[in-house]
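Chemist: give me the fold of what follows.
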Amino acid sequence: MTHIKVIIPAYNEADSITHVINDIPNIVDEVIVVSNNSSDDTEMNAKKAGATVLLETRKGYGYACLKGMDYIANQNEKPDIIVFLDGDYSDYPEELTKIVNPIIKDNIDFVIGARVKRLREQGSMTFPQIFGNWLATTLMTLFFRAKFTDLGPFRAIKYNKLLALNMEDKTYGWTVEMQLKALKQKLTYIEIPVNYRNRIGVSKVSGTVKGAIFAGLKILGWIFKYSIKK
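Modeler: Sure, this is the predicted structure:
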């Protein structure tokens, strides 16, 4: 039997987090919501929905993901697969089965849920997000011959492969760091097209000019850092 745990970083997602947790298929052993210093009812709503709730007071997507990983590392029973999923309900959690399927059936190491245009609700991705994804994946193709088309947050990876990546980014660069390190370590990977809708609430990254700029700089920084290391 394959053991799967889900890590959901969440900052003020009280209106959406219950929907996210309720739509996760029951093949998952544990849903871990990491409240990234939320000031609303995110934590209470996540607990009511049956999730394990952790607190990470340091702001940053990467900090929240690392907190979830640290929690799992201290458990006796380790999972086979880790799934990362956002707490804003823009992804369709029920599609988790098709995200993990290539790992379970075909022994793929790493799967990205690709937010392809034909499956995206109008307005669900901002122009900075679309442009940033295009630029990042184009540069990864140019420098590393990668076949990524998206930096989608909905992703699954074998637990032992995730540990080997030695993830370190604390903020906006988490997703691209994972993809770059997967390329460097020659992990097998695949993209699976996923549906994407308008999130509940306002994005903390793409919804602000400051967030979009910082995210863009962090992503480019990781790519150029790894292109120099080649």
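
Chemist: just give the closest residue to the residue nearest in space to the middle of the chain, not the sequence neighbours.
Modeler: By C-alpha atoms, centre = their mean, the chain has its centre lying nearest to residue 153, at 3.0 Å. Excluding the flanking residues, the one nearest residue 153 by C-beta to C-beta, 6 or more residues apart in numbering is residue 86, at 4.8 Å. From N, CA and C alone the C-beta is placed, and that goes for glycine too.

Chemist: what's the answer for residue 37, then?
Modeler: Spatially, and ignoring its direct neighbours in sequence, residue 37 is nearest to residue 57 (5.0 Å; C-beta to C-beta, 6+ apart).

Chemist: how near is the one you found to residue 26?
Modeler: Separation of residue 57 from residue 26 (C-beta to C-beta, to the nearest Å): 32 Å.

Chemist: please enumerate the helices of the chain.
Modeler: If DSSP state H is used as the criterion, the helices of the chain fall at 17-22, 42-48, 61-73, 96-106, 127-144, 159-165, 174-184, 209-229.

Chemist: give me the low-pLDDT residue ranges for this protein?
Modeler: Applying pLDDT under 70 to the chain flags the ranges 203-212, 228-230.

Chemist: at 50 what do you get?
Modeler: Low-confidence segments of the chain (pLDDT under 50): 206-207.

Chemist: look up how far residue 71 lies from residue 51.
Modeler: In this view, residue 51 and residue 71 are 12 Å apart by C-beta to C-beta.

Chemist: these two: which is more packed in?
Modeler: Higher neighbour count among residue 51 and residue 71: residue 51, with 24 against 16, using other C-beta atoms under 10 Å.

Chemist: surely that one and residue 20 touch.
Modeler: No. Residue 51 is not in contact with residue 20 according to C-beta atoms under 8 Å; the separation is 9.1 Å.

Chemist: shared neighbours of those two, anything?
Modeler: Both residue 51 and residue 20 are contacted by residue 8, under the criterion C-beta atoms under 8 Å, 6 or more residues apart in numbering.

Chemist: how about stretch 19-32: buried residues?
Modeler: Buried residues in stretch 19-32, counted by 16 or more other C-beta atoms under 10 Å: 19-21, 24, 28, 30-32.

Chemist: and stretch 29-48, by the same measure?
Modeler: Across stretch 29-48, burial judged by 16+ other C-beta under 10 Å covers 30-36, 38, 41-43, 45-46.

Chemist: how many neighbours does residue 214 have?
Modeler: Using other C-beta under 10 Å, residue 214 has 15 other residues around it.

Chemist: hmm, I was thinking of residue 134
Modeler: With neighbours defined by other C-beta under 10 Å, the count for residue 134 comes to 12.

Chemist: can you tell me how far it is from residue 78?
Modeler: Noted for residue 134: a distance of 36 Å to residue 78, by C-beta to C-beta.

Chemist: check residue 225 too.
Modeler: Counting by C-beta to C-beta, the gap from residue 225 to residue 78 is 30 Å.

Chemist: likewise residue 132?
Modeler: Residue 132 is 34 Å from residue 78, by C-beta to C-beta.
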